[in-house]
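In: Just need the structure, nothing else, for what follows:
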Amino acid sequence: MFLRRDAGFAHVELLPYTLPIVVLSKFFYEFPTPRDRSRLLLRRWLWRGALGARLTGATVGMRQHLACIRKDDEEGSVQRLLALAGTAPAEDVQHLRSFHFARARSKLQCCALASLGPRDLMSASCST
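Out: All right, here's what the predicted structure looks like:
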């Protein structure tokens, strides 16, 4: 639910990396009903990390992310995750090259386009 409702990923296949699934599973196990602020910051962590290519799922990265989540410290856990996400996007994420759905950059570009919603092809206005 979090990925679709809060983070804006219409389908799990659009997630560019698998690391967030594991990290979010642990987070929501430890904090089943997180505060609204935590949910907002988790969304920020997910997008910053994805755009910065910091959620690739390498063993070291996975351990670092999982170690950020500490029982009975919801706010600190979220802040530690945010610190790992960085602030700058990867350089190639903005470049529209050939599309390959197996690549993280292409999946992120799909999410960006999907966030615009359906459009009328004649007027380019939102048709919802």
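In: Surely residue 53 touches residue 108?
Out: No. Contact between residue 53 and residue 108 fails when scored by C-beta atoms under 8 Å: they sit 9.6 Å apart. For every residue, glycine as well, the C-beta is placed using N, CA and C.
In: Pick out whichever of those two has more residues nearby.
Out: Taking neighbours as other C-beta atoms under 10 Å, residue 53 and residue 108 compare with residue 108 leading, 22 against 18.
In: What separation is there between the more buried one and residue 29?
Out: Using C-beta to C-beta, to the nearest Å, residue 108 is found at 27 Å from residue 29.
In: helices and strands around the lengthiest helix in the chain, which ones?
Out: In the chain, assigned by DSSP state H, the helix with the most residues is helix 36-51. When contacts are defined as 3 or more C-beta pairs under 8 Å, 6 or more residues apart in numbering; DSSP states H and E, helix 36-51 packs onto helix 19-30, helix 74-85, helix 104-115.
In: distance between it and the chain's centre?
Out: In terms of C-alpha atoms, centre = their mean, to the nearest Å, the centre of helix 36-51 is found 7 Å from the chain centre.
In: between it and helix 74-85, how big is the angle?
Out: Per axes from the mean of the first three to the mean of the last three C-alpha atoms, to 10 degrees, the angle that helix 36-51 makes with helix 74-85 is 20 degrees.
In: How about residue 86: what's its closest non-neighbour residue?
Out: Counting by C-beta to C-beta, 6 or more residues apart in numbering, residue 52 is the residue found nearest to residue 86 once chain neighbours are left out, at 4.6 Å.
In: nope, residue 23 is what I meant
Out: Using C-beta to C-beta, 6+ apart, the nearest residue to residue 23 is residue 65, at 4.7 Å.
In: I'd like to check which residues are in contact with that neighbour.
Out: By C-beta atoms under 8 Å, 6 or more residues apart in numbering, the contact list for residue 65 reads 19, 22-23, 55, 81, 84.
In: Could you dump these into CSV and include distance to residue 104?
Out: Listed next are the contacts of residue 65 as CSV, based on distance: C-beta to C-beta, whole Å:
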residue, distance to residue 104
19, 11
22, 16
23, 16
55, 9
81, 18
84, 17
